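Below is the sequence, then the predicted model.
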Amino acid sequence: MCRNIRTLHNFEPPATRDEVYGAALQYVRKISGSTSPSQANEEAFARAVEAVTAATHRLLDELVTSAPPKNREVEAAKARERAAARYATG
């Protein structure tokens, strides 16, 4: 469930609203133990996702770094290489 949460800080271009929302959704799914809430829990689930989204936006806005921004394509290629090495049959 939680493997889709990716680092969002220090990328060029910055993380999109959809990326932040997706990470928040995955986080709430993970801690609630549910990929989709029951009708009774739907409102609480939605409020939690919105709260985590807002907190994530604040965090990303307030973080500072002297490191140069990372390139999304380069980081994705590195992740694919790590996965290939990890799951290689040998």
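Happy to help now that I have it.

Tell me how far residue 79 lies from residue 85.
11 Å (C-beta to C-beta, to the nearest Å). C-beta: built from backbone N, CA, C; applies to glycine.

Which one's more surrounded, the two?
Set side by side, residue 79 and residue 85 show more neighbours around residue 79, with 11 against 8, by other C-beta atoms under 10 Å.

Could you look up the SS state of that one?
Reducing the assignment to helix, strand or coil with DSSP: H, G, I helix; E, B strand; the rest coil, the entry for residue 79 is helix.

so after the longest helix along the chain, what's the next helix or strand?
Among the elements of type helix in the chain, defined by DSSP state H, the one spanning the most residues is helix 42-62. The element immediately downstream of helix 42-62 (helix or strand, assigned by DSSP states H and E) is strand 70-71.

partners of that following strand in the sheet?
If you go by DSSP bridges, strand 70-71 pairs up with strand 11-12 (parallel).

So what touches the strand it pairs with?
The set of residues that contact strand 11-12 without belonging to it, under C-beta atoms under 8 Å, 6 or more residues apart in numbering, is 69-72, 75.

at 7 Å instead, please
Contacts of strand 11-12 from elsewhere in the structure, counted by C-beta atoms under 7 Å, 6 or more residues apart in numbering, are 69-72.
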